[in-house]
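> Sequence and predicted structure below; questions after.
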Amino acid sequence: MPTAITPRRQLRDDFESDEADSASPDMVPSSQPDFASSKRARLSDGSASTSLNGTPLTNGYHPQPNLLQRETLRSRGARRKYQPGSIVRVKLANFVTYTAVEFFPGPSLNMVIGPNGTGKSTLVCAICLGLGWGPQAADHSEHLGRAKEVSEYVKHGSQEAMIEIELAKDGKRFKNNIVIRCTIKREGNKSVYSVDGKAQSKKAIVDLARSLSIQIDNLCQFLPQDKVVEFAAMTPVELLRSTQRAVASQEMMDMHEQLKDLRRKQKDAQARSTADQDSLTNLESRQRLQEADVERMREREQTVKHVSYLEAARPFAAYRSARLVYAQAKNRRKEASEELTRLQNEVEPSLRAVNATQRYKEQVETVAAERKDAIGKAERRADGIDKRFRDLQDKHNECVAQFQAERNTGREKKLEIARHEDTIRRLKRQMEEQPSELDVQTFNERIREKRRAIQNCSDQIEELKRKQTELTQRGREKKLRVQQAEQELAKLDSQAGRQEKKLQNASRDTAKLWDWVQQHQDEFERPVLGPPIVECSVKDPRYVDLIESLFQKGVMLSFTTQTRNDFKKLSNVAASQRLSEINIKTMEAGLEPFQPPVSPDEMSRFGFDSWALDLLDGPERVLAMLCAEVHIHATGVAVRDTSTQQFEMLQKSPISAWVASKSSYKINRRREYGPGATSTQVRPVRRAAVWTEQPVDLTAKRTLQENIAGLNDEAEACCTEIKEAQTRIIAWRESIQKAGEEEKQLTTEKTDKQRAISEFKALPTKLAANEDKLASAQAAISAVKDRLRAIVDQQDAIAMERAQIALDYADAVEALRVCHNSLHEAEIMLIEATSDFDTLKERNSSVKELLESQQRQVDELVRETNEVQREARGLLETCSRMLGSGADDELRAFLQRLPEGQTTEELEAEIDSEKARLELMHEGNGGVIKEYETRQKKIDSLTSRLEEIKFALSELDDKIKELRDQWEPELDSLVGKISESFSFNMEQISCAGEVGVYKDDDFDQWAIQIRVKFREHEPLTTLDSHRQSGGERAVSTIFYLMSLQSLTKSPFRVVDEINQGMDPRNERLVHRRMVGIACGIVDQPTNNTAISQRDDEDRDGEEVDEHDEAGRGGSQYFLITPKLLHNLTYERGMRVLCIASGEYMPAERSRVDFKGCVDLMRGLRAGGMGVTVAR
């Protein structure tokens, strides 16, 4: 378990005094007891003093007083205090590798040392997590590169971890030190915080830390091990931002952000202004080009508008005309009415007599009409009576019909009674004649015998049919085998057939698949080519053995497809048929890619007759497949053997294989071992077995012929048996027919006898039924007689009622005659009145015609006046609508300006004139004006917007200038101080450097520019990863961080393993400079004057002046490193935290006493010096 040996915790009041009085470099174990006296014992001259309270050294010597006194560092007058927010204590429990540990860092430089893996960087993680920052930032960037989840920092085997950090008080808000505790729970991956025992949120902890100027997310303050490279790779722009966060005020950072934002807005406004100005210039130039056309179009448009206005004014002219016509018609109507009144007054006496006669006539007409109505009523009454009479006649006729029907029913019933009596007598006679008995069982047995005979015949027929089917199938099989044998016999006589036979001998599965392919070629995208055995042949028989020896069996049996889809389909077919040893190759290209490796002349020099490809004949794609598999295009063939010279030439040539005489050669080259690393494989040429011209196998041919003859005989025998079976089937069918007829006769005879017996048994029932029917018929005869008597009574009643109605009808006819006489009298009187009226009317006809003529004239004038008035009102409504609120103002003004006396004819003449003028104008493009006006609106809008942008740019310029005048001097001053300190630090290691601000028009491009020089004769160059080494960048980085020391507001800084990339010299110089700055031993430059440094050798025994608090260094430093050089500078105020772990660490940490070890080492060194002096 890693164990941290740290200084014990002490009270804040006596911590510094004990630190000042102690002779050790503050490495006190937490279990080490306090010394009896806090003061150092004085050593007098000549007396032997004891080191460590009188204890002698292990080497037997006692230390000399002056040497021991020189070795002991003097106490300083002032005591260093913790700055507000600096770390006083860190306590961990179950955190990463620590079970329980407590750190007590000093207020100045804290060097955390220990081997790798002991837990140094764990302290950095604890500070980050304990102060509220997580492993990852809000933007998912990592504060710590160790783990992304906070629960991963809980020690293995534990459920929660604890971090407790004690921060120094500020004396204002916090009177006591601040104790922040963070509990990390593995379950739920969450953290719980508290401040001085009170629970707080994570945000509250971060806000508290920020209020104390703690910036864990600023690499200028907190630089963990995993972020060292990231800080070194930080861009100058990011470095300026981090520097401002570290040493500048928040107001200064806000001003920078405002400047960047204002500059972005300014650039956007300038871009918009430029774009708008370009658009405005373009639009204005186009506007000027179209101005003349637009003027002409506008003039024409005005003329068109004027014509439209004139046409719109037609209702107004028409209204004025209609109003004038109405006034004239109204005057004429008035005059005609007055004339009618005068005429009526003149003829009034004559008309009075005519009117009286007319009234008398009208009264007589009324009386005549009334008498006509009386006649109508009398006629309707007589008609009603007549209708009643006819209805009674209909009823009488119905009674007569009913009487006749009943009589017919009686006759039918009498006939029915006679029938029933005959039936009863017949049934009684039949009951006396009993039928013969029926033996049903005998009949059934005879019928079953016939049926069994029929079934037996049917079974025989089915058996014969089955046998006939089997014989037919056997015959077909024999014929099929005959056809196959004949095909095999034909193949024996053909080359293709012999090759297919060889293919079958070589691989039955391949031959089977080839047969299938030949039958289903239409199912493939392109033709599938068979194995080379059947597709290829050797052109010259002399080379058959040589060519065939080049191919293995798998190549000879390979199918060749021309597309990928055909390859897949053929593979699936082979798999579905469970065929093995199937080889399929896909060859989409022809022979073009396969060219000989050497020219024909060179081939001849090697002794080759030809290439193997040239000696083979077959489909192009099959030959291309053989080229791809066996390289026949690059394989030489020769009948003569290869000479030694030719063999040596072939070894140096690109040819790798050839066949000559009785041997096949193949050269294997290993290029990785050099051009001479070759081996040659020689195999004997085997005899050809595929592409050979062999005679037909007579034995096989004779066997096939014998098989064909035997199969034909068997097929003839099958046909004979089929015919015999057919004859027997016909005989059995005749037997079935005969037995069927006999069965039918027996069934008919049985059915007839059964029917006779059934009918005899049913005779009593039929007799009873007929006797019942006879009784019913007799009863029905009696009912018919009763109904006939009722019908006769009804006829008598109808006759009496008809007589009464006849009398009523006679009275109605008499009343109708009287009404007719009265009507005749009234009509005579009407004729007399009409005659008198016509006479008077004739006498006054001229007067009446005059009045009627005048009345018609008045009516015509009234109608005419109304029509003109209606027309005028319609025109008035039209004009009112045109002048209403929705009308065009310009049109309304035009209509109101029309001349009052303008007629319709004048208006039409003006319209025709304007139209004639319009025809003389060119029409042009109708959209030009709209386009011109739209463009003018855009010009106006752009002009207005440019003015707004100009005003906004002016305001932005003023704001930028105002903010820049505040921010830039402060930034220059701040960077100047940093540069002064950085230059001074670089000078102390015999190097040079400066820090400046790169200024750009864009404030987001302003950056820190660090320029350094590590060699005497080279110029200052910008610090980057291309010019300086890793160690030089590390030195520059740490010096830049140290330059922020006097300006920073951060209470502490953490740098983890910054010295890993430095060489020993730079590491030593940087360490001494860091110690001097952090502990206040070396002041920063002031007015270009610096206090000189002291070498380690001159510091021994030298008095050190007291410093005030301001001169004792800056904020608290944590420098974490796994290794240190020997004899590094050590000053009062440093604190070394040694972390040790491993299997040899004691379980009780009190047994590890670093302070005792240091005191012992000092004693040993002092003793050794004393001995040297004595000598």
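That came through, no problem.
> Quick check: mean pLDDT of stretch 710-730?
For stretch 710-730, mean pLDDT rounds to 83.
> got the buried residues for it?
Under the neighbour-count criterion of 16 or more other C-beta atoms under 10 Å, stretch 710-730 has 711, 714-715, 718, 721-722, 725, 729 buried. The way it works is simple: take the backbone N, C-alpha and C, and place the C-beta from them, glycine included.
> avg pLDDT for stretch 823-833?
pLDDT averaged over stretch 823-833 gives 81.
> quick one: buried residues of that stretch?
So, applying 16+ other C-beta under 10 Å, buried residues of stretch 823-833: 823, 826-827, 829-830, 833.
> Grab the CA positions of it and hand them over as PDB.
Provided in PDB are the C-alpha atoms of stretch 823-833 (Å, rounded to 0.1, in the frame of the first residue of the first chain):
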ATOM      1  CA  LEU A 823    -131.700  30.000 -66.500                       C
ATOM      2  CA  HIS A 824    -133.400  30.500 -69.800                       C
ATOM      3  CA  GLU A 825    -135.300  33.500 -68.400                       C
ATOM      4  CA  ALA A 826    -132.100  35.000 -67.000                       C
ATOM      5  CA  GLU A 827    -130.200  34.500 -70.300                       C
ATOM      6  CA  ILE A 828    -133.100  36.200 -72.200                       C
ATOM      7  CA  MET A 829    -132.800  39.200 -69.800                       C
ATOM      8  CA  LEU A 830    -129.000  39.200 -70.400                       C
ATOM      9  CA  ILE A 831    -129.400  39.300 -74.100                       C
ATOM     10  CA  GLU A 832    -131.700  42.300 -73.800                       C
ATOM     11  CA  ALA A 833    -129.200  44.100 -71.400                       C
END
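> Quickly note the distance from residue 485 to residue 323.
Counting by C-beta to C-beta, to the nearest Å, the gap from residue 485 to residue 323 is 123 Å.
> quick one: residue 681 is in a helix?
No: Residue 681: not assigned to a helix; according to DSSP: H, G, I helix; E, B strand; the rest coil it is strand.
> That one: neighbour count?
10 (other C-beta atoms under 10 Å).
> mind listing what residue 902 touches?
Taking C-beta atoms under 8 Å, 6 or more residues apart in numbering, we find residue 902 in contact with 317, 320.
> Show the pLDDT at it.
Value for residue 902, per-residue pLDDT: 70.
> That one falls within a strand, correct?
No: read with three-state DSSP, residue 902 is coil and lies in no strand.
> that older thread, okay, residue 485 and residue 323: which has more neighbours?
Using other C-beta under 10 Å as the criterion, residue 485 and residue 323 rank with residue 485 on top: 19 against 15.
> Hmm, residue 706 and the more buried one touching each other?
No: between residue 485 and residue 706 there is no contact under C-beta atoms under 8 Å: 9.5 Å.
> How far off centre is the biggest helix by length in the chain?
Ranked by number of residues, the top helix in the chain under DSSP state H is helix 698-843. The chain centre lies 76 Å from the centre of helix 698-843; the measure is C-alpha atoms, centre = their mean, to the nearest Å.
> Over to stretch 938-951?
With C-alpha atoms, centre = their mean, you get 43 Å for stretch 938-951.
> what's the average pLDDT for it?
So the average pLDDT for stretch 938-951 ends up being 89.
> Please renumber the chain so that the first residue is 415 from this point on.
Fine by me, first position is 415 from now on; the one you just mentioned is stretch 1352-1365.
> May I see the buried residues of that stretch?
Under the neighbour-count criterion of 16+ other C-beta under 10 Å, stretch 1352-1365 has 1353, 1356, 1360, 1363 buried.
> Also stretch 1403-1411?
Going by neighbour count (16+ other C-beta under 10 Å), the buried part of stretch 1403-1411 is 1403, 1405-1411.
> Going through these, which one is the model least confident about?
For the buried residues of stretch 1403-1411, the pLDDT minimum is residue 1403, 79.
> Pull the contacting residues for that one.
1449, 1480, 1483-1484, 1487.
> Can I get those in CSV including neighbour count, distance to residue 1550 and pLDDT?
As requested, these are exported to CSV (neighbours: other C-beta atoms under 10 Å; distance: C-beta to C-beta, whole Å; pLDDT from 0 to 100):
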residue, neighbour count, distance to residue 1550, pLDDT
1449, 30, 22, 79
1480, 19, 21, 73
1483, 19, 20, 75
1484, 23, 17, 75
1487, 22, 18, 75
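> Helix, strand, or coil at residue 526?
strand.
> Out of the buried residues of stretch 1352-1365, which is nearest to residue 626?
Taking C-beta to C-beta as the measure, residue 626 sits nearest to residue 1363 out of those, at 45.7 Å.
> ok, that closest one touching residue 690?
Yes: if you go by C-beta under 8 Å, residue 1363 and residue 690 touch, sitting 6.9 Å apart.
> before we move on, the earlier item: of the buried residues of stretch 1124-1144, closest to residue 1573?
For the buried residues of stretch 1124-1144, the nearest to residue 1573 is residue 1125 (121.0 Å; C-beta to C-beta).
> how near is the closest one to residue 893?
From residue 1125 over to residue 893 (counting by C-beta to C-beta), the distance is 8 Å.
> Check residue 735 too.
Taken as C-beta to C-beta, the span from residue 735 to residue 893 is 114 Å.
> Just want to know which of the two has more residues nearby.
Using other C-beta under 10 Å, the more surrounded residue of residue 735 and residue 893 is residue 735, with 18 against 15.
> State the pLDDT value of the more buried one.
75.
> In terms of helices and strands, where is it?
helix 728-760 (DSSP states H and E).
> and that helix, what does it pack onto?
Under the contact definition 3 or more C-beta pairs under 8 Å, 6 or more residues apart in numbering; DSSP states H and E, helix 728-760 sits against helix 1259-1296, helix 1318-1333.
> which residues sit against the last one?
Contacts of helix 1318-1333 with the rest of the structure, by C-beta under 8 Å, 6+ apart, involve 714, 717-718, 720-721, 724-725, 727-728, 731-732, 735.
> run the last query once more with 6 Å
717, 720-721, 724, 731-732, 735 (C-beta atoms under 6 Å, 6 or more residues apart in numbering).
> between that helix and helix 728-760, how big is the angle?
Relative orientation of helix 1318-1333 with respect to helix 728-760: 160 degrees, computed using axes from the mean of the first three to the mean of the last three C-alpha atoms, to 10 degrees.
> Can you report phi and psi for residue 671?
phi -60, psi -40 (degrees, to the nearest 10).
> Now distance to residue 1018 too, for the buried residues of stretch 1352-1365, in a markdown table please.
Shown next, in a markdown table, are these (distance: C-beta to C-beta, whole Å):
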| residue | distance to residue 1018 |
| --- | --- |
| 1353 | 87 |
| 1356 | 85 |
| 1360 | 87 |
| 1363 | 87 |
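> From the residues you listed, which land in helices?
1353, 1356, 1360, 1363.
> so what's the last one closest to, chain neighbours aside?
Think residue 1363. Setting aside the residues directly before and after it, residue 1363 is nearest to residue 687 in space (C-beta to C-beta, 6 or more residues apart in numbering), at 4.6 Å.
> worst average pLDDT in the helices and strands packed on helix 728-760?
Here these differ in mean pLDDT, and the lowest is helix 1318-1333 at a mean of 73.
> export that helix as CSV, just CAs?
In CSV, the C-alpha atoms belonging to helix 1318-1333 read as follows (Å, rounded to 0.1, in the frame of the first residue of the first chain):
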residue,chain,number,x,y,z
THR,A,1318,-71.8,60.1,-74.8
GLU,A,1319,-70.9,60.9,-78.4
GLU,A,1320,-68.3,63.4,-77.3
LEU,A,1321,-66.8,60.9,-74.8
GLU,A,1322,-66.7,58.1,-77.5
ALA,A,1323,-64.9,60.5,-79.9
GLU,A,1324,-62.3,61.3,-77.2
ILE,A,1325,-61.8,57.6,-76.5
ASP,A,1326,-61.3,56.8,-80.2
SER,A,1327,-58.8,59.7,-80.5
GLU,A,1328,-56.7,58.4,-77.5
LYS,A,1329,-56.8,54.8,-78.9
ALA,A,1330,-55.5,56.0,-82.2
ARG,A,1331,-52.7,57.8,-80.4
LEU,A,1332,-52.0,54.7,-78.4
GLU,A,1333,-51.6,52.6,-81.6
